[in-house]
Each structure stands twice: as C-alpha cells, then as structure tokens.
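Asker: Sequence first, predicted coordinates after that:
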Amino acid sequence: MDTGIVWFRRDLRLQDNPALDAALRSHERVACVYIHAPDEETPWQPGAASVWWLHHSLTALADALQTRGARLHVFAGKSSTMLHRAIVATKARAIYWNRLYEPAIVERDKRIERDLAKRGIDVTIGNAALLFEPWVPKTKAGGPFKVFTPFWRNVREQLRPQPPLPAPRKIPSMRIKGSIRIDDLKLLPNIGWDAAFHKHWTPGERGAQRRLASFLARGLKDYRKGRDHPAERSTSSLSPHLHFGEIGPRQIAWRLHTNHSVNAASFLRELGWRDFSHHLLFHFPETTNRNLNRKFDKFVWSRRNEKILRRWQRSKTGIPIVDAGMRQLWTTGWMHNRVRMLVASFLTKNLRQHWLEGARWFWDTLVDADLANNTQGWQWTAGTGADAAPYFRIFNPVTQGKRFDPDGVYVKRWVPELKRVPKKLIHSPWLDPEVLKRSNYPAPMIDLAESRASALDAFQKMRIESR
C-alpha cells in the first residue's frame, strides 16, 4: 500500500492540521511519527516546564490517534536518522510536516529537506502555527516590519478566516518497529514540583478546545479591560496550547470572525502580536541572544549578581506584585501577561540585570515557553527590541499594583502572608514597619525611586555614547 509519513512536531492536534490532511488526501495509509531531539534546538532546548507539558500533550495525541485506528510512533535521536529509519520501515516516498520558525530548527529542517530530495523523497510543508507565514507581511519597500501597528494593519487586510480542516474520523495506518513509549523519553520530573500543574492545566487538543470554549463563553466579554487585571479571569490562558499546536490561531480567528465586538477585535490583535513575534524571530534570528536595537550594545548593565537573581527567582524581592507573579509562575508554570511586564521591568530596570537572565528563567519555568514570544517580550520590556517600550518607561510596581489589583486580590492569593495587610498598604507594606514585621514579609531589596534614577542615568550615558 502507498504510505506517507506525517512528522508531528509542535502541531499536536488532528483538527486543522495541514500536514496530516495533505497526507491523508494523497496516500492509502499514513505513519504518524514524533521524534524527540532536544539537542537540535541548542542553545534553547525545551525547559523543565515545557517538557512536562510535552509529555502530556503527546499522550493526548497518542490516545486521539488510537481512537482512529492509528498509532503515534515515538523515536529519540537525530531527526534525520530517525526519519530515514521510518522511511525504510514503511517504504514511504513522501513526508509531511508543519513548519517551525526557531533559528536552529529552520536550519535543521533545510538540511533534512535537501537530504530527502536527494533520496527522491517528496516533502510537503504546511503552516499550522501562524495566521500568516513570517515572509508574507511586507513593508512597502518589501522588507520585514519592525513596528507592530503597520504590521497588524497589513495582516488584518489580508486575513480571511476560513473553516478549519476537520479532524479525520479514521486514519489508515501501520506499525513501525523500533518505536518507543512516551514514558521512555523521561520528560516528567523525578520530584513532585509539578503537583499544582495538574490543577491548572489539561494539555492536549481536547483541553485546548475546552479552554477556548470557556473563554469565549465567559472571559471574552470583558477581555479588552479585564485582561490587564491579574485577579480576574479575563485572559484565555491558551498560550501553551498554541505553542504546542494543540490549537491553531486560524481556528481561533474562525471562531471570532462573526463577533464584531471591541473585545473580539482586541483578542484577535493579541494573536497578531504572536505572529509579529515570529515575524521578528524569522527575519532577525540573532535576537534570541542579541539586542535588536544595537544601540543597547553600549548599555551598561549591572554585573550579573547571583544573589540578586535568586531573590527575584524565589519571589523574595519584597515587592508584593512582583513576588506574587513569580510565585504564580513557579506554582502553575504560567504568569499573567501584565505581571510578566512588571517582573521583567523590575529585573531589567530596577535591578539592571541583563534581559537574557530573565529570558532564561522564563524559558525553564513557563509551560508556554515560546522562543519568539519570550524573546520579543523580554526585549520589549527592556527597551532593546522592535517597537519596544522606551527604556525610560520604567513600570512602578506599586502604582501598577494599585491600578490593576486595587484590592490586592491577586497579591493575597499568591503571597498569603500579606492577607491581613490593610488595603492601602497591600502594595507597599514597608511603609508601616510594624505591619511588615507582623506579616513576616521581607523589606524591599532595593529602593524603587533610587533604582529608577540609576537606570535612567545609565540610559542617558548610553544615548550620549551612541551619538
């Protein structure tokens, strides 16, 4: 029988999966393959929280395939070697996959595609991850965008939501000798730091669809304003599902296309930001480790300080909303987006630690750790990237806390030692030494006003040197 191979990567779903759909249209049977090769993503191999999610997402995909008569064949090793093994075992003459955009993976996939072509193997590549491939939006000069607003205007004009491809009811398949169990990948932690993850997340395509349905029913109606308030459930929490391809942005766009409210438009715009991040990463791959705004190569960061970093990582900064965010991250593998900006601003501006320190910590602890979004987010807050917040815009965590968590609900949820602190002091308990002492909460590790002045002075020196 004629066989095609579908190489699953971070497109772990059956509905609206272009590679799977194309293979099923062209072949009598399809072999579904997943290859675990984290070393090929160096220097940004998946972190601990990501691989926890990956284990459960692969398990969900394997179960979904089994109900349709197929099997997920799992391999570990060099991708090109494992694909060759699958080709030999199945006698397949065609391979299908969906594109990824991280620099190391782009280069790897190019090599594999060239090698397969030399062997006479047809390769078909789809887009399961973005509204548009990164090279589709172009400036009038034909180049990439560096500012979001014109990028989104360009994308919005081209966007024509279409019904998603249906999930197949049956997948004629076969067995491949040599495949291993998902458990053999040893993706789960040896100690139980992931206990709370199970309370907050349901990885897999079914979990993604339920999360979207819940958001559309309850969260979307207040999204435009509510998304900035971390105590409210007005965000979708779809980011890890999107990262692992358990749901795609075009599926979401289709669900939104008949909703003409400002909330739907605002949420769709956030999907545009996600596309923008991948657009930047594709065109400026060096930005995973270097400033996009090269003027900041002259910026003088404070010397890397392990003690300072540890206090930030362990949520012992003495700044309530910063510590609340870091505890939410450690406990659930996720952090509210408004709070991500606050903890990032505090690290890069008040503490003046390099943005890469924060990017690496997020990379290991976020279940939605995505190289494009992580890079863009940290460079945006640090002021070093495209369309970035100006460096002189330094978020005041006290002011931000009062504005977006006025009753301290979010802070008290994640920093329970502050539950009895009066509302007027919840974001600055150090103003009353007795309150601070009774709460057994640390004093601020740094003076916010002085550190702000120091950051602005360093920025001014950089501007002078860059002239």
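Answerer: Structure received. Residues are numbered from 1 along each chain as shown.

Asker: and the helix of greatest length in the chain, what does it pack onto?
Answerer: Secondary structure of the chain read by DSSP state H shows that its longest helix is helix 262-283. Using 3 or more C-beta pairs under 8 Å, 6 or more residues apart in numbering; DSSP states H and E as the contact criterion, the neighbours of helix 262-283 among helices and strands are helix 148-158, helix 223-226, helix 249-256, helix 371-382. Every C-beta, even on glycine, is put in place using the N, C-alpha and C of the backbone.

Asker: Would you check that Asp387 makes contact with Trp273?
Answerer: No. Under the criterion of C-beta atoms under 8 Å, Asp387 makes no contact with Trp273, lying 9.7 Å away.

Asker: Need the overlap of contacts for the two.
Answerer: Common contact partners of Asp387 and Trp273 (C-beta atoms under 8 Å, 6 or more residues apart in numbering): Phe148.

Asker: Leu347: which of the helices and strands packed on helix 262-283 is closest?
Answerer: Among the helices and strands packed on helix 262-283, the nearest to Leu347 by C-beta to C-beta is helix 371-382 (8.8 Å).

Asker: Keeping just the C-alphas, turn stretch 175-193 into PDB.
Answerer: The C-alpha coordinates for stretch 175-193 follow below in PDB (Å, rounded to 0.1, in the frame of the first residue of the first chain):
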ATOM      1  CA  ARG A 175       3.200  -0.200  12.800                       C
ATOM      2  CA  ILE A 176       6.900   0.700  12.700                       C
ATOM      3  CA  LYS A 177       9.300  -1.500  14.600                       C
ATOM      4  CA  GLY A 178      11.700   0.300  16.900                       C
ATOM      5  CA  SER A 179       9.400   3.000  18.200                       C
ATOM      6  CA  ILE A 180       9.500   3.600  22.000                       C
ATOM      7  CA  ARG A 181       6.900   4.500  24.600                       C
ATOM      8  CA  ILE A 182       6.400   8.200  25.600                       C
ATOM      9  CA  ASP A 183       7.400   7.300  29.100                       C
ATOM     10  CA  ASP A 184      10.800   6.200  27.800                       C
ATOM     11  CA  LEU A 185      11.500   9.900  26.900                       C
ATOM     12  CA  LYS A 186      11.600  10.600  30.700                       C
ATOM     13  CA  LEU A 187      10.000  14.000  30.300                       C
ATOM     14  CA  LEU A 188       8.400  14.100  33.800                       C
ATOM     15  CA  PRO A 189      10.300  15.300  36.900                       C
ATOM     16  CA  ASN A 190      11.700  12.900  39.400                       C
ATOM     17  CA  ILE A 191      10.400  15.100  42.200                       C
ATOM     18  CA  GLY A 192       6.900  16.400  42.600                       C
ATOM     19  CA  TRP A 193       7.400  20.100  41.800                       C
END
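
Asker: Show residues contacting it.
Answerer: Contacts of stretch 175-193 (C-beta under 8 Å, 6+ apart): 31, 33, 36, 48, 51-52, 54-55, 58-59, 62, 71-76, 85-86, 89-90, 194.

Asker: which of those residues count as buried?
Answerer: Among the contacts of stretch 175-193, the ones that count as buried by 16 or more other C-beta atoms under 10 Å are 31, 33, 36, 48, 51-52, 54-55, 58-59, 62, 71-75, 85-86, 89-90, 194.

Asker: Mind checking which of these land in strands?
Answerer: Ala31, Val33, His36, Leu72, His73, Val74, Phe75 (DSSP state E).

Asker: now, the most widely separated pair of those?
Answerer: Ala31 and His36 (16.7 Å).

Asker: Let me know the distance separating Val409 from Ser236.
Answerer: 20 Å (C-beta to C-beta, to the nearest Å).

Asker: Ok, Trp273 next?
Answerer: Distance from Trp273 to Ser236, by C-beta to C-beta: 13 Å.

Asker: So the two - more neighbours on which side?
Answerer: Ser236 (21 against 17; other C-beta atoms under 10 Å).

Asker: returning to what we had before: buried ones in the longest helix of the chain, by neighbour count?
Answerer: Neighbour-count burial for helix 262-283 flags 263-264, 267-268, 270-282 (criterion: 16+ other C-beta under 10 Å).

Asker: Equivalent analysis for stretch 443-457, please.
Answerer: Pro444, Met445, Ile446, Leu448, Ser451, Arg452, Ser454, Ala455.

Asker: Please narrow those residues to those residing in helices.
Answerer: Per DSSP H, the subset of these in helices is Leu448, Ser451, Arg452, Ser454, Ala455.

Asker: Return the member of these nearest to Asn154.
Answerer: Looking across these and measuring by C-beta to C-beta, the closest to Asn154 is Ala455, at 34.3 Å.

Asker: Just give the closest residue to the closest one, not the sequence neighbours.
Answerer: Once flanking residues are discounted, Ala455 sits nearest to Lys349: 4.6 Å by C-beta to C-beta, 6 or more residues apart in numbering.

Asker: residue contacts, that neighbour?
Answerer: With C-beta under 8 Å, 6+ apart, Lys349 has these contacts: Ala382, Tyr391, Ile394, Phe395, Ser451, Arg452, Ala455.

Asker: Find me the pLDDT at it, would you?
Answerer: Looking at Lys349, its pLDDT is 96.

Asker: Alpha carbons of stretch 354-361, in CSV - could you do that?
Answerer: Output of stretch 354-361 as CSV, limited to C-alpha atoms (Å, rounded to 0.1, in the frame of the first residue of the first chain):
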residue,chain,number,x,y,z
HIS,A,354,20.5,41.7,31.6
TRP,A,355,17.2,40.7,29.9
LEU,A,356,18.7,37.4,29.0
GLU,A,357,18.8,36.4,32.6
GLY,A,358,15.1,36.8,32.8
ALA,A,359,14.5,35.2,29.4
ARG,A,360,16.4,32.1,30.5
TRP,A,361,14.5,31.8,33.8
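
Asker: Residues touching that stretch, excluding its own?
Answerer: Outside stretch 354-361, the residues touching it (C-beta under 8 Å, 6+ apart) are 289, 301, 304, 309, 313, 343-344, 347-348, 374-375, 378-379, 381-382, 384.

Asker: any idea how far the most centrally placed residue in the chain lies from Leu130?
Answerer: Nearest residue to the geometric centre of the chain (C-alpha atoms, centre = their mean): Asp370, 3.3 Å. Separation of Asp370 from Leu130 (C-beta to C-beta) stands at 12 Å.
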